[in-house]
Structures are given as structure tokens and as C-alpha cells.
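Enquirer: pasting the sequence and the predicted model now:
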Protein chains: 2
Amino acid sequence: MIRIALDCYGGDNSPAANIEGAFEALKNLPDLELILAGDEEQIKNLVAEEEEKRGVRYADRISVIHAPDIISCSEKPTDAIRHKPESSMMKCINLLRTDPDVAGMVSVGSTGALIAAATLRIGRLEGVMRPTFCPILPTMDGGIVGICDSGANVDCDAYRLHQFAVMGSVYMKNAFGIENPRVALLNVGVEAEKGDMMRKEAYPLIEGNKNINFVGNMESRDLLSGKYDLIVCDGFSGNVLVKSVEGTAVSLLKKLKGGIMSKLKYKIGGLFMKGLFSDMKEMLNYQKYGGSILLGCRKVVVKGHGSSDCVSVAKCIEQAYTAQTNNMNEQIEKLLSE
Amino acid sequence: MIRIALDCYGGDNSPAANIEGAFEALKNLPDLELILAGDEEQIKNLVAEEEEKRGVRYADRISVIHAPDIISCSEKPTDAIRHKPESSMMKCINLLRTDPDVAGMVSVGSTGALIAAATLRIGRLEGVMRPTFCPILPTMDGGIVGICDSGANVDCDAYRLHQFAVMGSVYMKNAFGIENPRVALLNVGVEAEKGDMMRKEAYPLIEGNKNINFVGNMESRDLLSGKYDLIVCDGFSGNVLVKSVEGTAVSLLKKLKGGIMSKLKYKIGGLFMKGLFSDMKEMLNYQKYGGSILLGCRKVVVKGHGSSDCVSVAKCIEQAYTAQTNNMNEQIEKLLSE
């Protein structure tokens, strides 16, 4: 049995989407056990409703841990983790800290609080300087690319970048079956000598690690090209990168949609192309890859998007499950000790 | 008369597009005078051809300065500027340095060499720590947004960010007539306390400057929203930002094009929507705004895209012309001294 804790609050569609996602994951993964953190009465009622709706019962695979409080995204992370021990997020964190049988957790709540709590309360793997986020984006050739770090480490150095390369490589292989992931360093040009001081220092560190399939520097315009499996960057520029891809894609599709509605002939054209637009929207739906894993913690932590629906919550749970069953953390510790 | 030097080499379409662009600008701006730097014989022949083609002569407004050498983009900037004094770029730079009557220059050649040469040979305005690039992107509401810096300063600090805000503000007002430009700091979240140490230090500096209309932090996903006129960032993340918007837009339109060709019904739909796709492509054509100005030099320097055609070369020349006629540099010096 793989036991995972699910924070049932904090998302736009919480707790309903969380409970539905839990049932979806339990259906797909026979040896999964879930601990749902939230107001006991509310969660139990929602579970009963879902059981009724689906006509299944997972009585021995679901348990509820009473957590009546919620950490909101507007709260200061360090305050939240200090003053809200009864929150659903902190109850999960404490469970991971104290119960060796609980492998990991999933939350769609406050990112800042989750990083802080995971780092301070669960602790880091042996040798890890700081945990890092590694979200996944779809590429134009139908593949995926991981971006590590995407915001957990806004102040960074070359040694951390090197660790992101190690941890991200293990993750891309472990979670997505990519053998020998092609790792690139985000930079302002592809030539080896490009970049700021941090990049110039990180380049030889990453290049010199025989466990990393380092393919050199890359420019952000090539992110979606399919030429790379993992992009290594500091949390600040990684955050800029991920959000600008998202923002540009959303803006363009919105503009296209607005344009289609502006003239009759475009509307007609739009009808012919309906399937294509759905395909493109689906291709850009990065939530289908689950959430962003927090690499480098002693337990598996997956952060889902705040707007997660049932499907993406289920994906996040599966992500945590896969990381645990493939012994991701053991491999990270092993490679970092070399 | 406003005298501007034009580097005729270094672009994908050089020197032909440069000469055509020169004629276009001379047509539009009656008190413009151009000094064309390139191989004297070649340039004079191209000018003669263009005169024939257009049936006009600008004999007293065009002069040629012999510069047989070319700096390529693959050359190391500092080597290039040291060892190629006969190159078209260095001839322009030297002209700006020595001739007080030459107001500025335009080049579509090596970015690195241009920054290095402009900074080292032309020199900075009083009070400027380092010159900065400020390219322009189109926003989704039909407006524009400037990004300062976009790559000239990969290693940065809070004081430079503050100067970028001052110089970029003057530029957006001066070159595009935007009164009281809305200035935002690129960050990982909109809240005032967000960011790395550099951003936390820069925020109060920019906020405290009464000459800047500072609207706070912004996230990269809102770049094209039309809510901001100028984005302040370090050169590394600015470069990531600009190139990822460009890359995402190009990737999506390519994907859409590929999709349209994949099925007959999509092809039919595509025919109906032809005008719309052209409009979108035109909207994304950032070259129509000219090149990227290098703010903070003692003379006006405009860097055009390497792929510049006749229209964008002409736009770059007009950009340099406008900056000079509006006394941009005087205003920058004045505001930086306050």
C-alpha cells in the first residue's frame, strides 16, 4: 500500500474537486490509500455523496483527518504555518513528518506556505541545499519539458542550479520514463560563454557531472521546440518563463476567439475549425500532466494548480504515487552523494 | 538637419535592405541626413540603383563612409571592436564619438559588439551606470509595452533597475507619446513583498521616485495585457521574457498552420479565416515598431533585428531621429541628476 495525504482545501474548486479527484485516483491505483485532511464532518459527507454517485466504496482505503482550518493564498507563508496548525495543509505536513508510513502529500493550496512548511517541517533529503519546483509544459512535437526551478528559489547560485539539474533529471526519467533526459541551461544565448556570472559558473559544474546528459545553453524561445527534456534555471527566471508561455498562449487564443466573433465569415471558418481549436486547447492544457512536484524533500510533495479540477487532482495524486513507487528520493540522494 | 549614421552590414538582408530602408526614411523625414557606412563602391552602386528605381535623388542628404570590413555575430564582441576598426559598425561608432554633428546611429549587426562599442567608445550619459536595451512588444489591446532591460545587463543590481525605470519612462513618453507611462517591476508575484533580494531592494527605490508612475510588481503572464507601458527587469530575465513571448507566439501559429493543413475541413475553415490570421500575424510583427533603443549612451543608438527588412530599417532610423529631435538624452540626464 502507498499512503498519500490529500489537503482538501485551498483550491478554487476545493473541497469538491479534491474529493472527486481522490475517488478517480483510488479507481486507477488499486494499492493507493488516501488520508483526506479537512473538516471531518464536511469531508465525510462529501465522501458519502461521491460513493453514492459512483456506486463504489473505498472504506478501507480512505481515512479522514480532522483539519477545520484553511490557509489562504493571501496569508504570509511563515505566519500561516506558525499560526494555523489545525489547517488542512499543516495537518498533512505533520503527518508526513511523524508517520513513516505516509509516503507523500498533494495540495492545491498556497504555494508559499507549502514550500516553507515542507522545507522547515518535513526537511530536505541528504545533500539537498533547497527543494525546487519542477512543473511540466507540453512541447509542440507532442512531448513534454520540465522546468526546474520555477519559483521556489528566487535567490540562487551555481551550486543550486547544478542540484536542480541532478534532481530534475531523476524526476524526468522516474516520472515520465524519459531515458537519459536532455538537460539544458536557460540562458541569453546558446554559446557556452554566454550569461551572467551565475550561469558561467554553473555551466562547467553541470557539464562536468557524468550523470547528467547536458546539451548546453538554450534560449527561452526554444522552450517548446521539443529539443530539451529539462530546463535548468533559477527560480526567478524560471517563474518568468513558465508564466510568460502561459500568458502568451492564453492571450493569443483569446485574441483569436475574439477575432472569430468579429465577422460572419470568420465565424463560419471557426465552425469548420472547431475540432482543431479544441485539439490546440487540449495540447496547451498543462493541468493534464498533474501539478508541480517539489523535489528534494524527505517525502514526496506535489503542488497542484489553484484552479485544479477533479482530473488534475487525480493526476497530482498519481504523480506522488509514481514518485514513491519508483523510489525517486533514494535515487536523488544517491546521485547527490556522488 | 538631423544626421544619423547607418551601419549597412551585419543583418540577414544587408546591405540591400539597409539601403532601401535609408531611402524610405529619407522620403518620410525631410530634415534627415544619412551617413552610410560600408564598402564605398558597393554602397554607391546600391544607392545609384535605388535612385534609379525610385526616380529620386537625395545627393545632398546621403554620404558614404568607406568601411570595407564586417563584424559577424559569431565574433567575440571585445575582439571585434578591437581588431576591426575598418568595419561598418566601428566606423559609425567612431563617427558618433568624434563628430558632434552626428546625432545617432542604427545597426542591425552584432548586438554584443554594439553594446560593448557604444559603452566603451561613445560613453555613457552623465549619471548612467550602464546603457540598457528597451525593445517594444505589441499588447493584446492594440497598444505597446517596453521592456527595459532585455539583455544588455545580465548581471544587475537594484540601482540599475531604478535607472532602467527612469530611462525607460523617458523613452516611452518621448518616442511614443505615452504621457505618464505606467511602470511595473517584473516579479514572481504582484504583492509588494515578493521577489528576490534585488527586487525587494529595487521596489522602494522605484516607488520613491516621484518622476516615475510606478504601479507595482507584475507577473510575466500579464505582459501583453495592456495594463503596463514599461516593464523594468534585469537583462537576464528580460531576455527570457522577450524571447519566450516571441517563441510561444511563433510556435502556436506554426502549430495552427500545421493543423489547418492536416484536414480538408480545416483547410476550408482556414480559407474563411485568412484575413484574421493575417491580422494576427501583423499584430505580432514587432519589427514594425523598429528596433531596440540602447538607452543611456551619449549618442542615440538603435539596434535593429538581424532579420530586418526595408520597413524595419526605416523604422529604426525614424526611432533614432525621434529620440534626437525630442531631446531624449537631455531629459534622461536631467531626471537622473535629481
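Expert: Cool, the structure landed.
Enquirer: return the set of residues that bridge with the residue nearest in space to the middle of chain A.
Expert: Centroid-nearest residue in chain A: residue A:292, 0.7 Å away (criterion: CA atoms, centre = their mean). Taking DSSP bridges, one obtains residue A:303 as the residues bridged to residue A:292.
Enquirer: can you pull the pLDDT of it?
Expert: Per-residue confidence (pLDDT) for residue A:292: 93.
Enquirer: report the contact partners of it.
Expert: A:133-136, A:150, A:302-303 (CB atoms under 8 Å, 6 or more residues apart in numbering or on different chains). (C-beta placed from N, C-alpha, C; glycine too.)
Enquirer: and which of those residues is nearest to chain B?
Expert: residue A:150 (9.3 Å; CB to the nearest CB).
Enquirer: hang on, isn't the closest one packed against residue A:236?
Expert: No - here residue A:150 lies out of contact with residue A:236, judged by CB atoms under 8 Å, at a distance of 9.8 Å.
Enquirer: and stretch A:287-301, how far apart are its ends?
Expert: One end of stretch A:287-301 to the other measures 17 Å (CA to CA, to the nearest Å).
Enquirer: now render the contacts of residue A:292 as a markdown table, adding neighbour count, pLDDT and secondary structure.
Expert: Shown next, in a markdown table, are the contacts of residue A:292 (neighbours: other CB atoms under 10 Å in any protein chain shown; pLDDT from 0 to 100; DSSP: H, G, I helix; E, B strand; the rest coil):
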| residue | neighbour count | pLDDT | secondary structure |
| --- | --- | --- | --- |
| A:133 | 28 | 95 | strand |
| A:134 | 25 | 95 | strand |
| A:135 | 22 | 93 | coil |
| A:136 | 23 | 93 | strand |
| A:150 | 28 | 94 | coil |
| A:302 | 27 | 96 | strand |
| A:303 | 26 | 96 | strand |
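Enquirer: from the stretch 1-150 of chain A, which residue is nearest to chain B?
Expert: residue A:140 (4.9 Å).
Enquirer: that residue belongs to a helix?
Expert: No - counting by DSSP: H, G, I helix; E, B strand; the rest coil, residue A:140 falls outside a helix, being coil.
Enquirer: quick check: residue A:181 vs residue A:144, distance?
Expert: Applying CB to CB, to the nearest Å, the value for residue A:181 to residue A:144 is 10 Å.
Enquirer: between those two, which contacts overlap?
Expert: If you check residue A:181 and residue A:144 against CB under 8 Å, 6+ apart, the residues they both contact are residue A:229.
Enquirer: of those two, who's got more company?
Expert: Neighbours were counted for residue A:181 and for residue A:144 using other CB atoms under 10 Å in any protein chain shown; residue A:181 has more, 22 against 17.
Enquirer: enumerate every residue touching that one.
Expert: Applying CB under 8 Å, 6+ apart, the residues contacting residue A:181 are A:146, A:168-169, A:172-173, A:213, A:229-230.
Enquirer: now with 6 Å?
Expert: A:169, A:172-173, A:229-230 (CB atoms under 6 Å, 6 or more residues apart in numbering or on different chains).
Enquirer: and if you look at residue A:19?
Expert: Contacts of residue A:19 (CB under 6 Å, 6+ apart): A:46, A:50.
Enquirer: could you rerun that using 8 Å?
Expert: By CB under 8 Å, 6+ apart, the neighbours of residue A:19 are A:8, A:36, A:43, A:46-47, A:50.
Enquirer: and the residues you listed, which two are furthest apart?
Expert: The largest separation in the contacts of residue A:19, counting by CB to CB, is between A:8 and A:50 at 12.1 Å.
Enquirer: out of these two, which sits in the busier spot?
Expert: residue A:8 (34 against 19).
Enquirer: what ranges do the helices span in chain A?
Expert: Listed in chain order, the helices found in chain A under DSSP state H are A:16-28, A:40-54, A:77-83, A:88-98, A:111-117, A:158-176, A:197-207, A:235-262, A:264-272, A:274-284, A:310-325, A:328-337.
Enquirer: how many residues are close by residue A:72?
Expert: Applying other CB under 10 Å, we find 13 residues neighbouring residue A:72.
Enquirer: wait, it touches residue A:113, no?
Expert: No - counting by CB under 8 Å, residue A:113 is not a contact partner of residue A:72; they are 9.1 Å apart.
Enquirer: what residues does the stretch 1-150 of chain A put near chain B?
Expert: Residues of the stretch 1-150 of chain A found near chain B (CB under 8 Å from any CB of the partner chain) are residue A:140.
Enquirer: where does pLDDT dip in chain A?
Expert: Nowhere does chain A drop to pLDDT under 70.
Enquirer: domain ranges for it?
Expert: Using automatic domain parsing, the domain parsing of chain A gives A:2-128+A:296-326, A:134-284.
Enquirer: for residue B:125, which of those is the nearest?
Expert: With CB to CB as the measure, domain A:134-284 is the member of the domains of chain A nearest residue B:125 (24.0 Å).
Enquirer: what about that closest one, distance to the chain center?
Expert: Here domain A:134-284 shows a centroid-to-chain-centroid distance of 14 Å under the convention CA atoms, centre = their mean, to the nearest Å.
Enquirer: what is the end-to-end distance of that domain?
Expert: Note: domain A:134-284 ends 17 Å apart using CA to CA.
Enquirer: repeat that for stretch A:208-223.
Expert: End-to-end span of stretch A:208-223 (CA to CA): 23 Å.
Enquirer: do stretch A:183-196 as well
Expert: This stretch, stretch A:183-196, spans 19 Å end to end (CA to CA).
Enquirer: contacts for it, please.
Expert: A:161, A:165, A:168-169, A:199-200, A:202-203, A:206, A:212-220, A:227-233, A:237-238, A:241, B:151, B:154-155, B:235-236, B:239-240.
Enquirer: then stretch A:261-270?
Expert: With CB under 8 Å, 6+ apart as the test, stretch A:261-270 has contacts from A:259-260, A:277, B:268-273, B:275-276.
Enquirer: the same query, at a cut-off of 6 Å, please.
Expert: Against stretch A:261-270 from outside (CB under 6 Å, 6+ apart): A:260, B:269, B:272-273, B:276.
Enquirer: pull out the buried residues from that stretch.
Expert: Under the neighbour-count criterion of 16 or more other CB atoms under 10 Å in any protein chain shown, stretch A:261-270 has A:266, A:268-270 buried.
Enquirer: repeat that for stretch A:139-158.
Expert: Buried residues in stretch A:139-158, defined by neighbour count with 16+ other CB under 10 Å: A:139-140, A:143-154, A:156, A:158.
Enquirer: and those, which is closest to residue B:330?
Expert: For those, the nearest to residue B:330 is residue A:154 (37.2 Å; CB to CB).
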